[in-house]
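J.: starting from these lines, generate the structure:
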Amino acid sequence: MSRSSKKGPYIDNRLIRKIELARASKSRADIKTWARAAVITPDMVGANVAVHNGRDHVPFVIGEPMIGQRLGEFAPTRKFTGHSKKGKIAKATGKTGGGQ
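T.: Below is the predicted model of the structure:
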């Protein structure tokens with residue numbers, strides 16, 4: 001369920017303060033955050049952010065097309081190792097990959 005439109009988007013005030021401080025000092029260091037639900041605003045464009053994915057911080061630079069999306073969308077929490085091949089399954093289980 002989405003957030004109520006009368007409340008407006010969720011923006012983490014602590015993160016906004018960190019971004020403003022980094023802009024004032026012209027620091028290009030990553031700003032670490034755990035606020036995956038925070039919405040990206042136009043003020044954040046150009047900032048280096050590292051979002052926590054449950055294990056470590058995933059760094060990226062916020063760009064124009066990212067406005068309106070949430071920070072967590074750019075830090076995947078699950079690692080996709082790829083689809084298995086029929087040959088690998090057949091060797092591991094001792095079965096052939098064909099029909100009957």
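
J.: count of neighbours near residue 44?
T.: Per other C-beta atoms under 10 Å, the neighbour tally for residue 44 reads 21. (Each C-beta comes from the backbone N, C-alpha and C, glycine too.)

J.: now swap in residue 17 and tell me
T.: Residue 17: 10 surrounding residues under other C-beta under 10 Å.

J.: pLDDT on the host helix or strand of it, on average?
T.: Residue 17 is part of helix 13-25 when elements are defined by DSSP states H and E. For helix 13-25, mean pLDDT is 96.

J.: list of residues touching the helix or strand following it?
T.: Scanning forward in sequence from helix 13-25 by DSSP H and E, the next helix or strand is strand 31-33. Identification of contacts with strand 31-33 by C-beta atoms under 8 Å, 6 or more residues apart in numbering yields 12, 15, 18-19, 22, 47-52, 57, 71.

J.: let me know the pLDDT of residue 80.
T.: 87.

J.: same question but for residue 64, I mixed them up
T.: Per the predicted model, pLDDT is 97 at residue 64.

J.: list the contacts of it.
T.: residue 45.

J.: re the thing from before, now do the buried residues in the helix holding residue 17.
T.: 15, 18, 19, 22 (16 or more other C-beta atoms under 10 Å).

J.: so where's the chain shaky on pLDDT?
T.: Within the chain, the stretches with pLDDT under 70 are 1, 87-100.

J.: quick check: buried residues in the strand or helix carrying residue 51?
T.: Using DSSP H and E, residue 51 maps to strand 48-52. By neighbour count on 16+ other C-beta under 10 Å, the buried set for strand 48-52 is 49, 50, 51, 52.

J.: so what's the third one bridging to?
T.: On DSSP bridges, the residues paired with residue 51 through beta bridges are residue 33, residue 58.

J.: any idea how far residue 11 is from it?
T.: Using C-beta to C-beta, to the nearest Å, residue 51 is found at 15 Å from residue 11.
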